[in-house]
Each structure stands twice: as structure tokens, then as C-alpha cells.
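Asks: kindly generate the corresponding structure for this input.
(one chain, ligands or ions: 1)
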Amino acid sequence: MDVTIPDIGDAEDVEVIEICVAPGDAVAENDALIVIESDKASMEVPAPFTGTVDQVLVSLGDVVNSGDSILRMDAVDGEERTESTDEAVEAGTADGSPTIVEPPPVTPEIAVPSSPAAERIEIRVPDIGEAENVSVIEVAVAAGQRVAVDDLLVVVESEKASMEIPSPFAGTVLEVAVKEGDGVEESTLLVVLDGEVEAPPRVLEPASEAPEPASEAPGPTAPVPAVETPVGSGSKVYAGPAVRRLARELGVDLVAVNGSGARGRIVKDDVKAFVKRNLGTPATPGLAPMEVVDFSRYGEIETVPLSRIRARGAQNLHRSWQHVVHVTQHDDIDVTDLEAFRATLKEEASARDIKLTPLPFIMKACVRVLEMHPQFNASLDPTVTSLIVKRYHHIGFAVDTEDGLVVPVVRDAGGKGIYELATEIARLSDAARSKKLKPDEMRGGSFTISSLGAVGGTGFTPIVNAPEVAILGVARLDTRPVWDGTAFQPRKVLPVSLSYDHRAINGAEAGRFVVDLGRLLGDVRRLAL
Ligand code: CAO
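Replies: This next block holds a predicted model:
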């Protein structure tokens, strides 16, 4: 029997983003067969009956519509079926027909007093169609926490779809009215905000009645069912309900899992691979817990919740710190000639609307040194028995944003010229600061640079961005007296600090890396060789 795409409402040309079965697979009624995604929702198409998959008729990325056949199944329960799946859906028969969760409407339920200066804003569960057994699976905020527009507040989930409810306004959370596990329904109060309602919100009424937004200024967005809008926090989880369920069963925090699906979506295999990897990792001896101190005994205190980016960053840094055997190699590089060259380019660069800082030169030089020392452009396999050397050079760089540290990645940095690198660095750091980075723009790095050059300092110990094996820290360049054998000369000196995983790299190799980097940055004509 053909299984078809059921009625998906107004959605058209939806994409197949996950195929959960293969020919020969035995499936139980309601097991997910494929996952489709429109711009508003992702939906699982479940098996209409227990049986065996005979043939899969669609591929990843295919575009489908209501009524399209997606696969062929043999029923094993011996039940004679006379109606087509489509007919069953149209007739609205519950038994055996594929069920979907309609994409919820795009209007968050917000009760705002009419005055634009209104402060108390109630965020409620929006219309969730016929979804049943909806519960809160994640509460992302706490009372007292400051939130920005679009920051995640709560994730609710039915049996078939999960929906993220973002904040429609910037403000402070006054009250969180639900906790994880609470059952909710349409209009259940979730969060009360002390909102900064400066401009008329973009969506307060159903779309058809809403006035056109006056500008492109960011406004509140709708709850996003089953998917996150990749706004660049990198901290939200982009996964469907079945994957969330599996993760919960296995005790996996999806925040730590990298998605390999379309647009970085986490699929079941990612969760399984994550579990496998962690099982293969030698156990770290337990740490004695930190003493819990009541600081208020010693004076006035204020508890400031960490943003999700900071909280996630803290976890990642701690994980890297625990797993990586860190050593840091410091050096001072004479960049007098580079700085003179950069000065001659200033005008030309600004005519191209480019701000030419030392960073693109450093990035270019790093790629050349990584080509000479490929073991730095690598990752250890989870069992620490081999080194996975990458033939590509995607260079991450730390960007300091209001919400915390974000590491966008410049793809194929070696193939780009200095101006192109400068443009890409500026584009990615702007996107990071305006929370517009796409998840894919933060993935796949093979080496990272952390530059505090604009800030100051004479050196620091960067933490390796595991599973990479090395990171270059760059401090502020300064004019110093350098002895040339007969006299002190004023030279521009750039302090660098290379942290590396000593399990993958020896100290002598790291020494040679910084010496070669110094040679290239000391005479950038060598970059052309
Ligand atoms: N020494 C002296 N001056 C430097 C310098 C250095 N090493 N690096 C940059 N500068 C100067 C630039 O030339 C620029 O000066 P002008 O405005 O006069 O041209 C100024 O500092 C500001 O540079 P920038 O920060 O705008 O640009 P950048 O290319 O150097 O860096 C970025 C971009 C995104 C890396 C940076 O803005 C940033 O966020 N850095 C912080 C990274 C961080 O937090 N790292 C720590 C993470 S923990 O490991």
C-alpha cells in the first residue's frame, strides 16, 4: 500500500528533511517514516499501520505536497485494507490514517495592554491545533533573567511536534508560570515579562489583521514549531519530537549534539553517534564538588543568570578543559614590516569599504603554517588511537558578543585573499553580534584564532576549541625596543600564544609551528611563495 503525504493545510512544496526508515524495516503503527519541513513547521509522517517498508519513493531534499506517495508498505497484521490512506485522511478517520500536527498558526498568544508603554506581558501557549498531551519539555529562562527579542522562553511538545516559544520583546522575566513536565493547552500562561515595548510589535494580531511592519527592525517572531529559527545563538536545539524523545530516553542533552541533517538539524543517528562517542571516551575521574558558599553572609550580592550562549560556552569550555591535555607555547613576532605594509594598504582598503586589521594576515599565515604542520589541523578520534587530519582549512575565530563568546568559521580560508578574508571576518562578526549567524556558519572549523589584540594584554592561555587540537591566541601588538646586535631598535611586536593538545602534538612541533608563523608574519611576502 502506498503511504502518501497527508493534508498539510496551506503548506506547499515542503521538503523531505529526514528519512527514518529503509526498505525491509519493520515499523509499528505511528513510527515516524519521514520528516517533512515547511518554513513554519516540521512534521513527522508516521506509519499508518504496522508493517514492513517495501520501497522508499522519496529522497532527502525532495519537495512534496499533500497526496504525494512517499513509500510503499506491506501490512503484516493481515488486516484487509480497502481504503486508500488519502481517503482515510480526507474522511478524517482516526484509525490507521497518518496523523500530522498542523503547523500552529504564526501568532504567539500575547496579552498586552493597549498602551505602547505597557510593561506586563503575558506569554501564553498559542493555538496548537488538535495536538494532545502537550507538555513543557524545556524552560529556558528564570525569573529575574533579561531576555532579548527572540530569545527562547519555553519549548512545548506534543506527541508529534515540538514548538519553541521565543520572547516577542526584550525585557525581564517577572514570572515563569510552568515547569518542565507540566501539561499545557492553548492559552496556558507560560511566562510573564516586564517588556520593553518601545515600538508596536510586529505580530500581535492574526496575520491577516496585523498592520504591516513599519520597518525591518527586529520584532517579535512567532513560535517556531519543531524547529528553531537559526538566529545565531547556537544554543538552541534544532530537532524534531522523535529525536527529542530519544535524547530524553538516553539522557542526552541535545545542546551538546551536532546536527548532521539539513540546516544542522539533529537526527536520530546524531544522538546515537553522540552516545557511542561518549561511551568510548575514557571516564574522567570524578571531581570533588565545589563548596557551596553563601556569599550574602559577607556582603550584598546579586545573582545574574547566564545567557544561553554563556551557559553553553561554559559547558563547552569545561569539557575542552577536562578532555584536552593543554600546553601553551608563547612567542613574540616581529611584525614591523607587516604593519608598514598594512599602513600602505589602508586607503586602498577603505576605498573598498574594508577595515584592514592584522587578523586576516594572521589567518592567512596560519593556513600556510597548517599546511606545513597538518597535525595541527586535525582531531583525535574518540578512542585516541588515530589522528583525523583535515584536508580543508576552515578557520574559526572568537567573537566577543553581548551574549558571550561565539566562534564563526571562515570556510576555505586558504583559498581567500587578504581582502576577501577581511570582508568575511567582518561579515561573520557582524552576524554574530546581531545574532544572525546560521548554525552552519559556526560548524566545521579545523583551527581557531582568538584575538584580543584590539582589547589589550601581553599574552593569555586560550583553551583549545575541542575536538580541534590547537588554537592561536593573539594579544596586542606594541612597539618595543629590540636588540639588533649593536643597538636597540623600535620594533612592532605581536605576542602570540599557541595552545595545543599534548596528546596529539609534541612541544617541539608546537615550537616549530610558532617559529614558522613568525617567519611568515615577519615577512608577509613569503605568503605569496
Ligand atoms: N594589536 C593591536 N591592535 C589590533 C590588533 C592587535 N593584535 N588586532 C586588532 N587591532 C586593532 C585593529 O587594527 C583595529 O584598529 P583600527 O580601528 O585603528 O583599525 C582595532 O584594533 C579593532 O579591531 P577589531 O576588533 O574591530 O577587528 P579584528 O579584526 O582585530 O577582530 C574580532 C575582529 C571579531 C576577532 C574582534 O572584534 C573580537 O571580537 N575579539 C575578541 C575575541 C575574544 O573575545 N577572544 C577571547 C576568547 S577567550 O579565548
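Asks: hey, let's count contacts and neighbours off CA atoms from now on
Replies: OK.
Asks: what residues of the longest strand seen in the chain count as buried?
Replies: What stands out as the longest strand in the chain, according to DSSP state E, is strand 488-501. Buried residues in strand 488-501, counting neighbours by 16 or more other CA atoms under 10 Å, are found at Arg491, Lys492, Val493, Leu494, Pro495, Val496, Ser497, Leu498, Ser499, Tyr500, Asp501.
Asks: kindly report the same for stretch 333-342.
Replies: For stretch 333-342, by 16+ other CA under 10 Å, it's Ile333, Asp334, Val335, Thr336, Asp337, Leu338, Glu339, Arg342.
Asks: that stretch close to the ligand?
Replies: No: judged by CA under 6 Å from any ligand atom, stretch 333-342 stays clear of the ligand, getting no closer than 9.5 Å.
Asks: what's downstream of the longest strand of the chain, the next helix or strand?
Replies: Following strand 488-501 in sequence order, the next helix or strand is helix 507-522 (DSSP states H and E).
Asks: show me what that following helix is packed up against.
Replies: strand 326-334, helix 336-351, helix 359-372, strand 488-501 (3 or more CA pairs under 8 Å, 6 or more residues apart in numbering; DSSP states H and E).
Asks: could you list the paired strands of the longest strand of the chain along with their orientation?
Replies: Paired strands of strand 488-501, with direction, are strand 326-334 (antiparallel), strand 470-474 (antiparallel), strand 478-483 (antiparallel) (DSSP bridges).
Asks: and the contacts of the first one?
Replies: Around strand 326-334, the neighbours that count as contacts under CA atoms under 8 Å, 6 or more residues apart in numbering are 459, 461-464, 491-502, 507, 510-511, 514, 518, 521-522.
Asks: next: stretch 377-386.
Replies: Residues outside stretch 377-386 that contact it (CA under 8 Å, 6+ apart): 277, 280-282, 370, 387-390, 393, 446-447, 466-470, 504.
Asks: same question for stretch 261-270.
Replies: So stretch 261-270 is contacted by 17-18, 237-240, 242-243, 246, 257-260, 439-440 (CA under 8 Å, 6+ apart).
Asks: pLDDT of it, averaged?
Replies: Averaging pLDDT along stretch 261-270 yields 79.
Asks: mind listing what's buried along that stretch?
Replies: Buried-residue list, stretch 261-270, by 16+ other CA under 10 Å: Gly261, Gly264, Arg265, Ile266, Val267, Lys268, Asp270.
Asks: in helices, which of those fall?
Replies: Lys268, Asp270 (DSSP state H).
Asks: possible to save the buried residues of stretch 261-270 as CSV with distance to Leu527?
Replies: Shown next, in CSV, are these (distance: CA to CA, whole Å):
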residue, distance to Leu527
Gly261, 37
Gly264, 34
Arg265, 38
Ile266, 39
Val267, 42
Lys268, 44
Asp270, 39
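Asks: which of the buried residues of stretch 261-270 lies closest to the ligand?
Replies: Gly264 (23.3 Å; CA to the nearest ligand atom).
Asks: gap between that closest one and Val27?
Replies: Note on Gly264: its distance to Val27, by CA to CA, to the nearest Å, is 26 Å.
Asks: mind listing the strands for the stretch 351-500 of the chain?
Replies: Per DSSP state E, counting those that start in this stretch, the stretch 351-500 of the chain carries strands over the ranges 378-380, 387-389, 395-397, 399-401, 404-406, 409-410, 447-451, 470-474, 478-483, 488-501.
Asks: show me where pLDDT drops low in the stretch 401-529 of the chain?
Replies: Of all residues in the stretch 401-529 of the chain, none has pLDDT under 70.
Asks: what does it put close to the ligand?
Replies: Contacts of the stretch 401-529 of the chain with the ligand, taken as CA under 6 Å from any ligand atom, map to Ser429, Ser450, Ser451, Leu452, Gly453, Ala454, Pro462, Ile463, Val474, Ala475, Arg476, Leu477.
Asks: how about the chain?
Replies: Residues of the chain lying near the ligand (CA under 6 Å from any ligand atom): 357-359, 398-400, 429, 450-454, 462-463, 474-477.
Asks: show me which of those are buried.
Replies: 358-359, 398-400, 429, 450-453, 462-463, 474-477.
Asks: out of the helices and strands packed on helix 507-522, nearest to Lys435?
Replies: For those, proximity to Lys435 was assessed by CA to CA; helix 359-372 is nearest, at 21.7 Å.
Asks: just checking, what packs against that closest one?
Replies: helix 418-433, helix 507-522.
Asks: can you list those helices in a markdown table and add distance to Ser307?
Replies: A markdown table is the format used below for the helices and strands packed on helix 359-372 (distance: least, CA to CA, whole Å):
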| stretch | distance to Ser307 |
| --- | --- |
| helix 418-433 | 14 |
| helix 507-522 | 35 |
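Asks: so which residues of the stretch 201-350 of the chain form helices?
Replies: 241-250, 268-280, 308-323, 336-351 (DSSP state H, counting those that start in this stretch).
Asks: in TSV, list those along with distance to Thr4.
Replies: Output for the helices of the stretch 201-350 of the chain, formatted as TSV (distance: least, CA to CA, whole Å):
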stretch	distance to Thr4
helix 241-250	20
helix 268-280	23
helix 308-323	40
helix 336-351	56
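Asks: among those helices, which is nearest Asp10?
Replies: The nearest among the helices of the stretch 201-350 of the chain, by CA to CA, is helix 241-250 at 21.7 Å.
Asks: list every C-alpha atom in the closest one, with coordinates, as CSV.
Replies: The C-alpha coordinates for helix 241-250 follow below in CSV (Å, rounded to 0.1, in the frame of the first residue of the first chain):
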residue,chain,number,x,y,z
PRO,A,241,10.0,15.4,18.6
ALA,A,242,11.1,11.8,17.9
VAL,A,243,14.7,12.9,18.3
ARG,A,244,14.0,14.8,21.4
ARG,A,245,12.2,11.8,22.8
LEU,A,246,15.1,9.5,22.0
ALA,A,247,17.5,12.0,23.6
ARG,A,248,15.5,12.1,26.7
GLU,A,249,15.3,8.4,26.9
LEU,A,250,19.1,8.1,26.6
